[in-house]
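Chemist: here is the input, now give the coordinates:
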Amino acid sequence: MSLTSSDIARIASLARLELAPDESERMLGQINGFFELVERMRAVDTTGIEPLSHPVAAIQDVTLRLADDVASEPNRRELNQRSAPAVENGLFLVPKVIE
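Modeler: Sure, this is the predicted structure:
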């Protein structure tokens, strides 16, 4: 996939950008270069290769340090909802905004 100068002009218009002609050409080259890189990456045969959990895992053992999944704050729902104009069953009630 590659873009044309008119594609860049349309994208710039949608983004509300004013690009000078040299900026537009530079942007066209950069974006098309990105698409070329993606196509080259897609062409690589990765059959039988397991995904890495971390990029460095390809060259050394990596142990991810994960925090324990425990609640660190007490439940203060009732205290936090005291100032709410309307609450029902522990949920904030808000006006309907979409019909």
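Chemist: quick one: residue 94 from residue 82, how far?
Modeler: Residue 94 sits 17 Å away from residue 82, going by CB to CB, to the nearest Å. Bear in mind the C-beta positions are built from the backbone N, C-alpha and C, glycine included.
Chemist: same check on residue 17?
Modeler: For residue 17, the distance to residue 82 (CB to CB) stands at 48 Å.
Chemist: higher neighbour count, the two?
Modeler: residue 17 (13 against 7; other CB atoms under 10 Å).
Chemist: and the residue of the chain most remote from its centre, what is it in contact with?
Modeler: Most distant residue from the mean C-alpha position of the chain: residue 82, 35.8 Å away (CA atoms, centre = their mean). Taking CB atoms under 8 Å, 6 or more residues apart in numbering, we find residue 82 in contact with no residue.
Chemist: okay, helices next: where are they in this protein?
Modeler: Using DSSP state H, the helices of the chain run over residues 5-14, 21-42, 77-81.
Chemist: mind checking which of those is nearest residue 90?
Modeler: Among those, helix 77-81 comes nearest to residue 90, with 5.8 Å by CB to CB.
Chemist: got the contact list for the closest one?
Modeler: The contact list for helix 77-81, computed with CB under 8 Å, 6+ apart, reads 87, 90, 92.
Chemist: so for the second one, what's the pLDDT?
Modeler: I take that to be residue 90. Note on residue 90: pLDDT of 91.
Chemist: now swap in the one 5 residues further on and tell me
Modeler: Note on residue 95: pLDDT of 89.
Chemist: neighbours around it, how many?
Modeler: The tally of other residues near residue 95 (other CB under 10 Å) stands at 6.
Chemist: tell me the contacts of it?
Modeler: Residues counted as contacts of residue 95 (CB under 8 Å, 6+ apart): none.
Chemist: quick check: it vs residue 76, distance?
Modeler: 25 Å.
Chemist: ok so, going back, for the helices of the chain, which one sits closest to residue 67?
Modeler: Among these, the nearest to residue 67 by CB to CB is helix 77-81 (23.1 Å).
Chemist: ok now the closest one, how far from the chain's centre?
Modeler: The chain centre lies 33 Å from the centre of helix 77-81; the measure is CA atoms, centre = their mean, to the nearest Å.
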